[in-house]
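1. sequence? don't have it. structure:
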């Protein structure tokens, strides 16, 4: 597996010490970090893993002792929910909120240079066929909010634009869609969204199967990806839109990888080898994505990454989703009625108290990262937190301001600076460059 050298010319936009050059990073100097749980020895299935020099977690190791690594690294997250609260609650991303996971002040505190600015069209908008209208609403609002806060954040369409925005001391927003842009997969709608700046799109209608691809939880109508689905993939290749297969079925993921000329993303989730959930990626699918140069983002929630938590949840009675529309004929709901129902669940954060025995720490997330690195190599693993998307976060992370905890967890794992830099951001940057700048 090839490695990305953080000192190579492809990444020479990164200053030797960003904390001295970017004023917004000054806040990190006063950031208080929680101590991490000891990770040694790692143990996935009750057997200690064989360690080598790369994984040595000695406190005296040069790999784990740099306290400035997070502030000096290029940090990019692959999936952060935006615009649901701004659309339905009238909030401004430039304000600090008292709840939820994300706002720009906390993004700055967390040391992020860029992130997939993920707008969301969830299931309640589908049956009444308001998914297209909602998608354009949240995309337009995203552009307006980014413009309103342009002293802090700018829209990026390519890796080179991310670099230029960071050089200006700002955060780069890479516009991404979760949920169905159109259940039928109308290519003209896709092209219009591209013109607006959308550069990453989830193929499935969130957890539901749409008119061209099967989801992991929905009905299996197409055996994976149908003929029109292949046309959608090829059009995204032509335009230079990154393809996200998170929430897709196994067959759909494998067929998308086979159809696409570009690398594929799985922006947020876990590994089925850790938690046996259809939403988690199988080893076969992960290997296929890596074989095409793709990248997989580790979501920060216990549901996909903590076997004890997953087993505890599976033993409990099912609870109706807060996003489920009322018992009226769903097809006749107005978009305003749907808005009211969706707004009841905001912010989309985990609200249940987790007993200590089921509440994981970042050490468990580090184990999941390591599982992926050992499976497919460190060129293909990244972070996709899913902040404000409902994940039950680890005990050391309350919101995006605690992002440095992930870098510390990998330092405690004994990872080299080079490997950590890839996982916290450079792998996303590399695949964005390959897809958006191939022409």
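-> Sure thing, it's come through. Everything numeric in this text was worked out from a predicted model, so none of it was measured.

2. and residue 191, backbone torsions?
-> The phi/psi pair for residue 191 (degrees, to the nearest 10) reads phi -70, psi -40.

3. again, but for residue 381
-> Dihedral angles for residue 381 - degrees, to the nearest 10 - are phi -120, psi 140.

4. how about the strands in this structure?
-> For the chain, applying DSSP state E gives strands covering 76-81, 114-121, 153-156, 171-179, 200-202, 242-244, 265-269, 295-298, 381-383.

5. so which of those gets nearest residue 144?
-> Nearest of those to residue 144, taken as CB to CB: strand 153-156 at 11.0 Å. To be clear about C-beta, it is placed using only N, CA and C from the backbone, and glycine gets the same treatment.

6. so which of the strands of the chain comes closest to residue 349?
-> Of all these, strand 76-81 sits nearest to residue 349, with 9.8 Å by CB to CB.

7. which residues are in contact with the closest one?
-> 102, 112-118, 120, 162, 174, 176, 178, 246, 265, 267-268, 295, 297, 299, 348, 382-389, 400, 403, 424-425, 428-429 (CB atoms under 8 Å, 6 or more residues apart in numbering).

8. So among the residues you listed, which ones count as buried?
-> 102, 112-118, 120, 162, 174, 176, 178, 246, 265, 267-268, 295, 297, 299, 348, 382-389, 400, 403, 424-425, 428-429 (16 or more other CB atoms under 10 Å).

9. Switch the strands of the chain over to JSON lines; also include distance to residue 219 and mean pLDDT.
-> Output for those, formatted as JSON lines (distance: least, CB to CB, whole Å; pLDDT from 0 to 100):
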{"stretch": "strand 76-81", "distance to residue 219": "25", "mean pLDDT": "98"}
{"stretch": "strand 114-121", "distance to residue 219": "19", "mean pLDDT": "97"}
{"stretch": "strand 153-156", "distance to residue 219": "36", "mean pLDDT": "98"}
{"stretch": "strand 171-179", "distance to residue 219": "17", "mean pLDDT": "97"}
{"stretch": "strand 200-202", "distance to residue 219": "18", "mean pLDDT": "98"}
{"stretch": "strand 242-244", "distance to residue 219": "21", "mean pLDDT": "98"}
{"stretch": "strand 265-269", "distance to residue 219": "20", "mean pLDDT": "98"}
{"stretch": "strand 295-298", "distance to residue 219": "25", "mean pLDDT": "98"}
{"stretch": "strand 381-383", "distance to residue 219": "31", "mean pLDDT": "98"}
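
10. Same list (the ones you listed) but as CSV, adding distance to residue 438.
-> Output for these, formatted as CSV (distance: least, CB to CB, whole Å):
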stretch, distance to residue 438
strand 76-81, 20
strand 114-121, 19
strand 153-156, 16
strand 171-179, 16
strand 200-202, 15
strand 242-244, 12
strand 265-269, 15
strand 295-298, 16
strand 381-383, 20
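
11. for the ones you listed, which one sits closest to residue 364?
-> It is, among these and with distance given as CB to CB, strand 295-298, at 10.9 Å.

12. so what strands line up beside the closest one?
-> Using DSSP bridges, the strands paired with strand 295-298 in its sheet are strand 265-269 (parallel), strand 381-383 (parallel).

13. Select, out of the ones you listed, the one closest to residue 236.
-> strand 265-269 (11.1 Å).

14. outside of that closest one, which residues touch it?
-> Contact with strand 265-269 is made by 78-79, 116, 118, 176, 200, 202, 242-246, 253, 279-281, 285-286, 289, 294-299, 304, 384-386, 389, 431, as judged by CB under 8 Å, 6+ apart.

15. Who are the contact partners of residue 289?
-> Taking CB under 8 Å, 6+ apart as the definition, contacts of residue 289 comprise 245, 253, 257, 263-266, 281, 295-296, 376, 380.

16. do the same with residue 172
-> Here residue 172 is in contact with 113-115, 153-156, 161-162, 165-166 (criterion: CB under 8 Å, 6+ apart).

17. Could you dump those into a markdown table with distance to residue 147 added?
-> Formatted as a markdown table, the contacts of residue 172 follow (distance: CB to CB, whole Å):
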| residue | distance to residue 147 |
| --- | --- |
| 113 | 20 |
| 114 | 17 |
| 115 | 17 |
| 153 | 9 |
| 154 | 9 |
| 155 | 8 |
| 156 | 14 |
| 161 | 15 |
| 162 | 17 |
| 165 | 13 |
| 166 | 18 |
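
18. from those residues, which is closest to residue 210?
-> Nearest member of the contacts of residue 172 to residue 210, counting by CB to CB, is residue 115, at 25.8 Å.

19. The closest one - nearest residue in space that isn't next to it in sequence?
-> residue 77 (4.2 Å; CB to CB, 6 or more residues apart in numbering).

20. what does the lengthiest helix in the chain contact?
-> Once the chain is assigned using DSSP state H, the helix that runs over the most residues is helix 131-148. Applying CB under 8 Å, 6+ apart, the contact partners of helix 131-148 are 82-84, 86-87, 92-94, 117, 119-121, 125, 153-155, 173, 175, 177, 179-183, 186, 189, 193, 196-198, 205, 335.

21. Now that helix: buried residues?
-> 131-132, 134-139, 141-143, 145-146.

22. got it, and stretch 95-115?
-> Within stretch 95-115, the residues that qualify as buried by neighbour count (16+ other CB under 10 Å) are 97, 100-115.

23. Residue ranges in the stretch 301-439 of the chain under the pLDDT threshold?
-> Along the stretch 301-439 of the chain, segments meeting pLDDT under 70 span 319-329.

24. can you pull out the helices in it?
-> For the stretch 301-439 of the chain, applying DSSP state H, counting those that start in this stretch gives helices covering 302-305, 307-314, 335-343, 362-376, 404-412, 417-421, 427-436.

25. What are the buried residues along the third one?
-> Residues 337-339, 342 are the ones in helix 335-343 that count as buried (16+ other CB under 10 Å).

26. now do the first one
-> By neighbour count with 16+ other CB under 10 Å, helix 302-305 contains the buried residues 302-305.

27. picking up where we left off before, which of the contacts of residue 289 ranks first by neighbour count?
-> Neighbour counts for these (other CB atoms under 10 Å) peak at residue 245, which has 31 neighbours.

28. out of everything not next to it in sequence, what's closest to it?
-> Going by CB to CB, 6+ apart, residue 245 has residue 253 as its nearest residue, at 4.7 Å.

29. now that neighbour: how far from residue 275?
-> 17 Å (CB to CB, to the nearest Å).

30. Ok, residue 166 next?
-> Taking CB to CB, one finds residue 166 at 35 Å from residue 275.

31. swap in residue 101?
-> Using CB to CB, residue 101 is found at 21 Å from residue 275.
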